[in-house]
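>>> Provided below are the primary sequence and the corresponding predicted coordinates.
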Amino acid sequence: MNGKLIPETAFDHKPTWRNFFENRALVQFDHRIMAYITQSVSLYLIYTIFKYRIPGPVTMAGMLAFTMINYQALSGILTLLALVPKEKANMHQATALLTLSSALLLVYLTKVPIAAAVV
């Protein structure tokens, strides 16, 4: 954000807690940091799947979640680079729903016994 890690106007609003919801610079910073953390977790996810050779449906759901998380990050970057046209912004929002759905599928399949998931 203008060559800075943390935006200069990050905490301009008073009281301070309002900045996290109403300060555009801080909201974008938080969004970007959460994207970095989520992408890092997705790398750990794919590493764990291949290291422990997790069986069938869970592997597919994990690979889907990994793919969707990284596509979501790429979609967000491309949306910003294009100066946030409505079409790209809406696609980024729609992709967020698909990403959440893939993560929920992964959580569901890790809770279901393997024999029931293969049916």
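Here it is on my side, so go on.
>>> what stretches of the protein score poorly on pLDDT?
Counting by pLDDT under 70, the ranges of the chain that qualify are 114-119.
>>> give me every residue that touches residue 7.
Going by CB atoms under 8 Å, 6 or more residues apart in numbering, residue 7 touches 1, 25-26, 28-29. Backbone N, C-alpha and C define where each C-beta goes, glycine included.
>>> Please render the residues you listed as TSV that adds neighbour count, distance to residue 51 and secondary structure to the earlier fields.
Below are these laid out as TSV (neighbours: other CB atoms under 10 Å; distance: CB to CB, whole Å; DSSP: H, G, I helix; E, B strand; the rest coil):
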residue	neighbour count	distance to residue 51	secondary structure
1	14	36	coil
25	18	39	helix
26	21	37	helix
28	13	35	helix
29	18	33	helix
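>>> So residue 11: helix, strand or coil?
Three-state call for residue 11 (DSSP: H, G, I helix; E, B strand; the rest coil): coil.
>>> For residue 3, see how far away it is.
Using CB to CB, to the nearest Å, residue 11 is found at 18 Å from residue 3.
>>> The two: which has the busier surroundings?
Counted by other CB atoms under 10 Å, residue 11 and residue 3 do not tie: residue 11 has more neighbours, with 15 against 4.
>>> Does that one touch residue 20 like I think?
No. Counting by CB atoms under 8 Å, residue 11 stays clear of residue 20, with 9.5 Å between them.
>>> which residues are in contact with both of the two?
Common contacts of residue 11 and residue 20, defined by CB under 8 Å, 6+ apart, comprise residue 26.
>>> Quick check: buried residues in the helix or strand where residue 34 lies?
In the assignment (DSSP states H and E), residue 34 maps to helix 24-52. Going by neighbour count (16 or more other CB atoms under 10 Å), the buried part of helix 24-52 is 25-26, 29, 42, 45-46, 49.
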